[in-house]
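Asker: Need the 3D shape of this:
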Amino acid sequence: MVRSFHLDIRPDAQTQIVRGIELFQQWSKIAIADRGFFSVALSGGNTPKAFYSALAEAEMPWDKFYIFWGDERYVPHDHPDSNFRMTRETLLDRVPIPSDRVFPFPTSAGDPAIDAAAYADTLKQVFNGEWPDFDCNLLGVGGDGHTASLFPGTDALKANGWTTVGDKSGEPRLTLTVPAIEHSRRVMFWVNGAGKASIIKTLLTESAGLPAQQIRPEGELIWMLDVAAAAELPLVGI
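Answerer: This next block holds a predicted model:
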């Protein structure tokens, strides 16, 4: 059961970014005081690029960050489609995070199942055998309602381990599972733009059984939207 739900709607993508930076600063301060580090699972794709670039300019306790990913395309880390490469170019190369605190999905075994299992082992080592209670799990949403690499109607949605192999039209993806995501202290869906307004309405007002709707974290659930993405929600004052 979700402990708390927050719908955070900002006027535009830029003010959304400003709020995201404020939250990362607040959450990292709390986490470091409590456990000595701040752990975040990042999303890939185009949507978070501007946020990561702005985050790189913000004052953060970077030496206390632990960076993970929610999913990855099964390509080499230097491939243009790699989530790791995008994050490295927009954020990691620009901030002083120790390299031994950056944990990308491995993609070099030649078998996605082997690499998915290896990432689960990494998570177990970092989190001392407990489920990965990321301080923030940052997720996006696709037009079909998928999140991470959990696509509608695929076997990955039923996986009970920590990681699994997703399937996008026959293309393998490495991804955290639903239960792994749900153990996060905070799950924040980050969505903007008018192109996502229809799916946001579906996800937040209908019982469609879509992957993003199946994420019910034990901690906080935050939907971080701009006005364009929230335009079809039945809310006053948007």
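Asker: In space, what's closest to residue 155 - neighbours in sequence excluded?
Answerer: Taking CB to CB, 6 or more residues apart in numbering, and ignoring the residues beside it in sequence, residue 155 has residue 167 as its nearest neighbour in space, at 7.3 Å. To be clear about C-beta, it is placed using only N, CA and C from the backbone, and glycine gets the same treatment.
Asker: And for residue 185?
Answerer: Spatial nearest neighbour of residue 185, excluding adjacent residues (CB to CB, 6+ apart): residue 219 at 4.2 Å.
Asker: Run through the neighbouring helices and strands of the helix or strand containing the residue nearest to residue 155.
Answerer: In this structure, residue 167 is located in strand 163-168 according to DSSP states H and E. Contacts defined by 3 or more CB pairs under 8 Å, 6 or more residues apart in numbering; DSSP states H and E place strand 163-168 against helix 112-126, strand 171-176.
Asker: Relative to residue 6, which of these is closest?
Answerer: Among the helices and strands packed on strand 163-168, strand 171-176 comes nearest to residue 6, with 21.4 Å by CB to CB.
Asker: Let me see the backbone angles for residue 187.
Answerer: In this entry, residue 187 is assigned phi and psi values of phi -120, psi 120 (degrees, to the nearest 10).
Asker: Distance of it relative to residue 85?
Answerer: From residue 187 over to residue 85 the distance is 24 Å, taken as CB to CB, to the nearest Å.
Asker: how near is the nearest residue to residue 73 once chain neighbours are set aside to residue 10?
Answerer: Leaving aside its chain neighbours, residue 73 sits nearest to residue 81 (4.9 Å; criterion: CB to CB, 6+ apart). With distances taken as CB to CB, residue 81 is found 29 Å from residue 10.
Asker: and the residue nearest to residue 155, what is it in contact with?
Answerer: By CB atoms under 8 Å, 6 or more residues apart in numbering, the residues touching residue 167 are 151, 154-156, 173.
Asker: Perfect, I'm done here.
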